[in-house]
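K.L.:
give me a model of this one.
(chains A and B)
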Amino acid sequence: MPRDIYMRITLLAAATMIAGFVAVIVADLVGLGDYALYRWTTAIMVAVVGGYGALLVLVVRRNPAPLAISLLGFPGSGKTVFLTVLFDTMMASGAPGIAFWPYGADTIERVGADMSALMQRTWLPPTTPGQVYYYRANARVGAGLLARRYKIEIGDYAGEHIHEFDTEHERWLHKTDYYKYVVQTDVVLLSIDCGTILHGERADIRDMENSFIAALHLLMEHKGVPVGGKLRAPVALVFMKADLARSHELPALRERQLDVDELCPRVSKLVRFCEGRCSTFKVFVASSVGYVDKDGLPPPALKPWGVVEPIVWALRQA
Amino acid sequence: MEVLAWTTKRVLAPLALFFVGALARYLYLGGSSWEVFDPAELSFAMSMLSLLVILSATRMRDTHLANWLVYMFAFAMILFVALFAWTTWLEVEIETAVTGALGTLTESVQGAEIDEGIVARVIEEGVCARERAAVEQIRSFAVGLSLLTVVFALVCKVRFKLED
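P.N.:
Model (predicted):
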């Protein structure tokens, strides 16, 4: 909040009061009769109510509704690459019925720099704990009078912060802004690395599911969801790095896109929880870069798929 | 739930003053009338409501939007404070004039039995017609502006997700 706003409010207040006193004194001095005076005051009051009402409509229409989206995921699940490619794709081609334009020098510069790195076949460095980057954009869903406008903000935090929702982890006792950011969010995207669920340890997958469930529980608590009620904020489960599973882990799927039904049973507890406790829930499969080369580096030409769908769905559900 | 909690704290709580006053007058006057709504109480309650919404708006992350909302509700708050002062002053003027005229009349008709209530009402309508009309005008204005401000506060809460 800029400090000078209080000075402006004080000046505005003083000016309004002085104007009111002057108007009354002038009306009295010029000897306006009763009826003439009431005509004047009625005209002024109608003008004030009309002008104020018009200004209110203007403020509501000019300012898009804020939409905070949290992207939860363990370290290395591909959140930063996903956000980079998502913003680049939306900037370049958008989505049907949705106008999307990033704002803020931070967002535009970061997306540009990260895309350059990916196109030079370099993986992005992991986001370290304590670091946070906000990806911001204005979006318009639909057109005309029924168009809905949003100011989107997606925080990219290090995956290690997910343990702030784990009561048995030391991070539970050292909560950061991340915790507050997540519990105040409007849309939740849970990102899961396909590599982990396809050939990771069963215990690790269980830990991951429990962490996500704990985070959703705390979100429900913060949102005041009653016992037996459902979380109204849309929740999406995004299986990241689907290209890895498709090309290396499941050779039989080499010629077709990995199906949601083939992945969901591996995190059945989490899926059951989300289906039962979230009023709006959907599963997506995404690959941020397309087929990864055999050397494990990004391909020379990025061919992402499924990256835009979660955000389009979130915007339509919000 | 969150919207309900916010509305209770920031809208209903300040307006409780106004509703309690209206209820008391309703019981005293023995019937529903436009007069149960006191413009001074309504203006004071609305200025408090505007202040509470301003405090809520200052917690927003989007400072540009927060500034806009603070301006709008500060404007409303100033108007309501002005209306409160104006109405109170008019009420004092009316009471002073009626009491003075009633005293003069009582002295001049010593010995005669008069109904002070009826005489006071006649004096108020005759001597203070201008002030009474101004109070009525302010009442209409305050009610209209209050409805507008309450609706705007609720729209802001839902659309811009004002924090508690």
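K.L.:
helix, strand, or coil at the residue lying closest to A:Asp193 once chain neighbours are set aside?
P.N.:
Leaving aside its sequence neighbours, A:Asp193 sits nearest to A:Ser77 (C-beta to C-beta, 6 or more residues apart in numbering or on different chains; 4.2 Å). Using the backbone N, CA and C atoms, a C-beta is placed for each residue, glycine as well. Counting by DSSP: H, G, I helix; E, B strand; the rest coil, the backbone at A:Ser77 sits in coil.
K.L.:
these two touch, right, A:Ser77 and A:Leu189?
P.N.:
No: counting by C-beta atoms under 8 Å, A:Leu189 is not a contact partner of A:Ser77; they are 11.0 Å apart.
K.L.:
quick check: residues of chain B near chain A?
P.N.:
Counting by C-beta under 8 Å from any C-beta of the partner chain, chain B comes close to chain A at B:1-2, B:5, B:58, B:60-72, B:74-76, B:78-79, B:82, B:129-130, B:133-134, B:137, B:141, B:144-145, B:148, B:152, B:155-156, B:159-161, B:163.
K.L.:
going through those residues, which ones are buried?
P.N.:
B:58, B:60, B:62, B:65-72, B:74-76, B:78-79, B:82, B:133-134, B:141, B:144-145, B:148, B:152, B:156, B:160-161 (16 or more other C-beta atoms under 10 Å in any protein chain shown).
K.L.:
and the gap between A:Pro75 and chain B?
P.N.:
26 Å (C-beta to the nearest C-beta, to the nearest Å).
K.L.:
give me the residue from the stretch 201-318 of chain A nearest chain B.
P.N.:
In the stretch 201-318 of chain A, the residue that lies nearest chain B is A:Gly224 (3.4 Å; C-beta to the nearest C-beta).
K.L.:
contacting residues for that residue?
P.N.:
B:Met1, B:Glu2, B:Ala5 (C-beta atoms under 8 Å, 6 or more residues apart in numbering or on different chains).
K.L.:
okay, who's weakest in the residues you listed by pLDDT?
P.N.:
Across the contacts of A:Gly224, the bottom pLDDT score, 72, is held by B:Met1.
K.L.:
can you pull the pLDDT of the nearest residue to that one once chain neighbours are set aside?
P.N.:
Spatial nearest neighbour of B:Met1, chain neighbours left out: A:Gly224 (3.4 Å); criterion: C-beta to C-beta, 6+ apart. On pLDDT, A:Gly224 comes in at 82.
K.L.:
and what of A:Thr10?
P.N.:
pLDDT, read off for A:Thr10, is 62.
K.L.:
tell me if I'm right that A:Lys79 and A:Asp156 touch.
P.N.:
Yes: using C-beta under 8 Å, A:Lys79 and A:Asp156 qualify as a contacting pair, with a distance of 6.1 Å.
K.L.:
so those two - more neighbours on which side?
P.N.:
Between A:Lys79 and A:Asp156, counted using other C-beta atoms under 10 Å in any protein chain shown, the more crowded position is A:Lys79 (26 against 18).
K.L.:
and that one, what is it in contact with?
P.N.:
A:Leu71, A:Gly73, A:Thr127, A:Asp156, A:Gly159, A:Ser191, A:Met240.
K.L.:
in those residues, find the pair that's most separated.
P.N.:
A:Thr127 and A:Met240 (14.5 Å; C-beta to C-beta).
K.L.:
compare the two (neighbour count), which wins?
P.N.:
Each of A:Thr127 and A:Met240 has its neighbours counted (other C-beta under 10 Å); A:Met240 has more, 27 against 18.
K.L.:
my guess is that one contacts A:Gly73. True?
P.N.:
Yes: applying C-beta under 8 Å, one finds A:Met240 in contact with A:Gly73, separated by 7.4 Å.
K.L.:
circling back to that earlier point, what is in contact with A:Lys79 and A:Asp156 at once?
P.N.:
A:Leu71, A:Thr127.
K.L.:
what stretches of the stretch 201-318 of chain A score poorly on pLDDT?
P.N.:
Applying pLDDT under 70 to the stretch 201-318 of chain A picks out residues A:245-259.
K.L.:
related to what we said a few turns ago, let me see the contact set for the residue nearest to A:Asp193.
P.N.:
A:Gly159, A:Ser191, A:Ile192, A:Asp193, A:Thr196, A:Met240, A:Lys241.
K.L.:
work out for me the element B:Met138 sits within.
P.N.:
Quick fix: residue B:138 reads Ile, not Met. helix B:129-160 (DSSP states H and E).
K.L.:
which strands and helices sit next to that helix?
P.N.:
Applying 3 or more C-beta pairs under 8 Å, 6 or more residues apart in numbering or on different chains; DSSP states H and E, we find helix B:129-160 packed against helix A:34-62, strand A:65-73, helix B:2-7, helix B:39-57, helix B:63-108.
K.L.:
distance to A:Val85 for those - can I get that in CSV?
P.N.:
CSV is the format used below for these (distance: least, C-beta to C-beta, whole Å):
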stretch, distance to A:Val85
helix A:34-62, 31
strand A:65-73, 13
helix B:2-7, 34
helix B:39-57, 36
helix B:63-108, 29
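K.L.:
what's the closest of these to A:Lys282?
P.N.:
Here strand A:65-73 is closest among those (C-beta to C-beta), at 14.0 Å.
K.L.:
quick one, the very next helix or strand once past that closest one and strand A:65-73 angle?
P.N.:
Counting by DSSP H and E, the next helix or strand C-terminal to strand A:65-73 is helix A:79-92. Counting by axes from the mean of the first three to the mean of the last three C-alpha atoms, to 10 degrees, helix A:79-92 points 140 degrees away from the direction of strand A:65-73.
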